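Trainee: Structure of the sequence below:
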Amino acid sequence: MEGETIVVIVTIFLAAILIGIFPMMSIAERNDDIAQLSVQTAISEFVDNVRKTGKITMDDYNSLVSTLYATGNTYDISMEVRVLDENPSKKTTQEDETKIGENIYYSIYTTQIYDELQEKSVYPLKEGDIIVVSASNTNNTISQMLKNFFYSLSGDSSYTIVASQSGVVAVTGS
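Mentor: Below you'll find the model as predicted:
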């Protein structure tokens, strides 16, 4: 009789956990999906704006950061500008068929871009440059914590929310 009582109590306890925890995991995963969509949309809009205007402004960057942090997570945002360095001894138009040699790109990274944004509040680009922006969450979301607890995953270095976008600048900014 005592053995059956313990089994019933354990069964009720496990059922209560299953009824409460798995819906909570589902909701937490849904929140991560919504945050993923918001982050991808924000980064895409930021890159598209840079492509169309030919410049990165401090206001646009701050708006991106605000949008990302509005999801309730912290992010590592990285930017790279691949600057087109056309062969200066030849004509520099892309359509010139007599041009000899390849165009060379050199990269400017987040800290350099951010330093110039703080100094001048605008980072100008020229037509043909490439902008690459990515973000990944740096905190453990509730979904990650629950998965790590139940599945014994090592999730400290894994990212749940990651977004990246790149594009070629269409106009020369001023």
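Trainee: The residue nearest the centre of the chain: which element?
Mentor: By CA atoms, centre = their mean, the mean C-alpha position of the chain lies nearest to Ala135, the distance being 2.2 Å. Mapping Ala135 onto the secondary structure by DSSP states H and E places it in strand 130-137.
Trainee: Spell out the residue ranges of the strands in this protein.
Mentor: 55-57, 75-85, 104-109, 122-124, 130-137, 162-168 (DSSP state E).
Trainee: among these, which is nearest Ser38?
Mentor: strand 162-168 (9.1 Å; CB to CB). C-beta here means a position set from N, CA and C on the backbone, and glycine is covered the same way.
Trainee: quick one, what contacts the spatially closest residue to Glu29 that is not a sequence neighbour?
Mentor: The shortest distance from Glu29 to any non-neighbouring residue, by CB to CB, 6 or more residues apart in numbering, is to Ser143 (4.9 Å). Contacts for Ser143 (CB atoms under 8 Å, 6 or more residues apart in numbering) come out as 25, 28-29, 31-32, 160.
Trainee: So for Thr111, what pLDDT did the model give?
Mentor: We have a pLDDT of 96 for Thr111.
Trainee: now do Asn139
Mentor: Looking at Asn139, the pLDDT reads 91.
Trainee: That one and Thr71 touch, don't they?
Mentor: No - using CB atoms under 8 Å, Asn139 is not in contact with Thr71; the gap is 10.5 Å.
Trainee: top helix in the protein by residue count?
Mentor: Longest helix of the chain, by residue count under DSSP state H: helix 2-53.
Trainee: Alpha carbons of stretch 131-140, in CSV - could you do that?
Mentor: Extracted C-alpha coordinates of stretch 131-140, given in CSV (Å, rounded to 0.1, in the frame of the first residue of the first chain):
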residue,chain,number,x,y,z
ILE,A,131,28.6,46.8,-45.8
VAL,A,132,28.3,43.8,-43.6
VAL,A,133,26.4,43.9,-40.3
SER,A,134,25.7,41.0,-37.9
ALA,A,135,24.4,40.6,-34.4
SER,A,136,24.2,37.7,-32.0
ASN,A,137,22.8,37.6,-28.5
THR,A,138,25.3,37.6,-25.6
ASN,A,139,23.0,36.6,-22.8
ASN,A,140,21.3,33.3,-22.2
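Trainee: Would you mind pulling the contact partners of stretch 115-122?
Mentor: 55-59, 61, 123, 173.
Trainee: Give the residue from Asn139 and Thr71 that has the larger number of neighbours.
Mentor: Thr71 (20 against 12; other CB atoms under 10 Å).
Trainee: what stretches of this protein score poorly on pLDDT?
Mentor: Across the chain, the stretches falling below the confidence threshold (pLDDT under 70) are 1, 87-101, 152-159.
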